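Asker: quick one: sequence and predicted model below, then my questions.
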Amino acid sequence: MKPRKILPVFVILACLLLLYILHKNRELTQKNDLSRRMAKEKTVKTVKLSKKMQLKCRGLNKKILSKRILDKIIFETLTKQIQLMQICPWKQNAKLVAQYRSEFKQCCNASQDLVLTQENTVMGQKILYETNRKKSVIVKDMLFQMLPKEPLWSQTLGHCAVVGNGGILNNSRCGQQIDKADFVIRLNLPPLNNENDVGMKTSLVTANPTILRRFDFLSYTRKSFEKMMEVYGQSVVVMPAFSYASCTEPSFRAFFTLKDFNLQNVTFFHPEYLLRLNNYWKSKGLLAQRLSSGMMLVSVALELCSKVTLYGFWPFSSNLNRKPIFHHYYDNVGPKKGVHKMSEEFLLYMQMHSKGLLQLKIGMCS
């Protein structure tokens with residue numbers, strides 16, 4: 001008789017459980033419907049917003065692309081354009097990227113000739129200096145053995161971050177973004193004492209002629225140089241040993257110092273590559289006495305990388321809010337007057353950004 005009394009209890013419990021499940025399912029369905037409606041409303045608002053923004057961005061691109069290199073830069077207008085540019089969506093133009101990569105390969109060929117190697121140099125060859133064609137060096141055994149046996153890279157470098165040293169990087173919080181790139185290019189042996197803003201990762205770092213002139217101390221002490229270079233890990237170091245005659249000896253000293261301390265391998269810019277690159281940009285209207293290190297390395301990246309993002313490229317003495325800033329994020333020493341065309345180069349970067357060739361990051365990253 002007892003089982004007859006227990007059976008109704010199980011039935012009641014089962015019914016209650018079923019009702020509970022149905023109730024929860026109904027609640028969940030209502031929540032999902034509400035979420036879908038909200039998402040739909042949000043999407044509609046976003047579309048309306050983006051249409052307005054698209055019109056602004058198209059207008060901005062037309063203005064930037066219509067500028068000529070020699071046009072006078074009005075700083076107040078420029079800052080407004082840059083602020084809008086950073087809001088506008090950026091999309092890579094794959095067709096144009098391929099076209100420019102082909103142009104750079106035909107004119108200059110960084111993949112084979114960026115640096116002197118045992119493949120593009122022979123014993124007894126006369127190397128003419130980049131800036132003084134009357135001066136030359138004969139390739140003898142010591143120099144030939146200093147050169148890498150083959151080109152540095154045989155495949156595309158992926159997403160490259162080219163990091164300029166502009167004071168605009170201070171308080172930018174770009175370090176994390178920079179370090180996420182596949183390949184990070186830095187200019188002129190910059191200090192990496194602010195990881196939050198400039199990152200730490202380095203794949204390639206250069207030294208310009210001005211920096212090299214500071215290496216005279218390597219003839220009698222090398223420990224401080226070793227400490228300075230440790231921060232760059234096992235990156236490739238490229239020096240302009242044959243740009244000016246005064247660059248050769250300090251470049252060689254740096255080579256042997258880093259070799260003795262088992263740090264980076266030093267390579268030397270091929271002077272003919274730099275000359276061809278200079279001529280390429282002259283044909284585009286950039287009439288500088290010599291390209292800046294930034295423009296050289298941006299050109300290298302456009303040929304060798306699948307995507308290029310620039311950070312810290314800002315040649316002006318005020319930030320986007322028109323407040324004074326240092327020329328570099330680590331000092332206020334400007335470039336030698338009359339050698340480079342920094343403002344004109346910056347306009348070219350803006351135009352390349354507008355065309356979808358590279359992405360120009362200015363100001364805060366996060």
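Answerer: Received, thanks. This is a predicted model, so every value here is computed, not measured.
Asker: does residue 319 touch residue 326 like I think?
Answerer: No. Residue 319 lies out of contact with residue 326 (CB atoms under 8 Å); the separation is 10.3 Å. Bear in mind the C-beta positions are built from the backbone N, C-alpha and C, glycine included.
Asker: and for those two, which residues touch both?
Answerer: residue 167 (CB atoms under 8 Å, 6 or more residues apart in numbering).
Asker: relative to residue 314, how far out is the residue nearest the centre of the chain?
Answerer: Centroid-nearest residue in the chain: residue 162, 1.9 Å away (criterion: CA atoms, centre = their mean). According to CB to CB, to the nearest Å, residue 162 stands 13 Å off from residue 314.
Asker: next, count neighbours for the closest residue to the residue nearest to the centre of the chain other than its chain neighbours.
Answerer: Distances taken as CB to CB, 6 or more residues apart in numbering put residue 185 closest to residue 162, at 4.7 Å, once the chain neighbours are dropped. Residue 185: 28 surrounding residues under other CB atoms under 10 Å.
Asker: list the contacts of the closest residue to residue 141 other than its chain neighbours.
Answerer: Using CB to CB, 6+ apart and skipping the chain neighbours, the partner closest in space to residue 141 is residue 123 (7.1 Å). Contacts for residue 123 were tallied using CB under 8 Å, 6+ apart; they are 139-141, 144.
Asker: can I take it that residue 334 is in a helix?
Answerer: No. Assigned with DSSP: H, G, I helix; E, B strand; the rest coil, residue 334 falls outside any helix and is coil.
Asker: hang on, the earlier thing: pretty sure the residue nearest to residue 162 sits in a strand.
Answerer: Yes. Counting by three-state DSSP, residue 185 is part of a strand.
Asker: bridging residues for it?
Answerer: residue 162, residue 204 (DSSP bridges).
Asker: tell me the spacing between it and residue 319.
Answerer: Taken as CB to CB, the span from residue 185 to residue 319 is 23 Å.
Asker: what of residue 73?
Answerer: 15 Å.
Asker: tell me which stretches of the chain form strands.
Answerer: Ranges of strands in the chain, per DSSP state E, are 126-128, 136-138, 159-163, 183-186, 204-206, 236-239, 266-268, 307-311, 359-361.
Asker: now do the domain split for the chain, please.
Answerer: The chain breaks down by automatic domain parsing into domains covering 1-58, 67-361.
Asker: for those domains, give me JSON lines that also has mean pLDDT.
Answerer: Formatted as JSON lines, the domains of the chain follow (pLDDT from 0 to 100):
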{"stretch": "domain 1-58", "mean pLDDT": "58"}
{"stretch": "domain 67-361", "mean pLDDT": "93"}
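Asker: which of those domains sits most buried?
Answerer: domain 67-361 (a mean of 17; mean count of other CB atoms under 10 Å).
Asker: show me how far that one is from its chain's centre.
Answerer: Centroid displacement of domain 67-361 relative to its chain, using CA atoms, centre = their mean, to the nearest Å, is 9 Å.
Asker: start to end distance for it?
Answerer: 20 Å (CA to CA, to the nearest Å).
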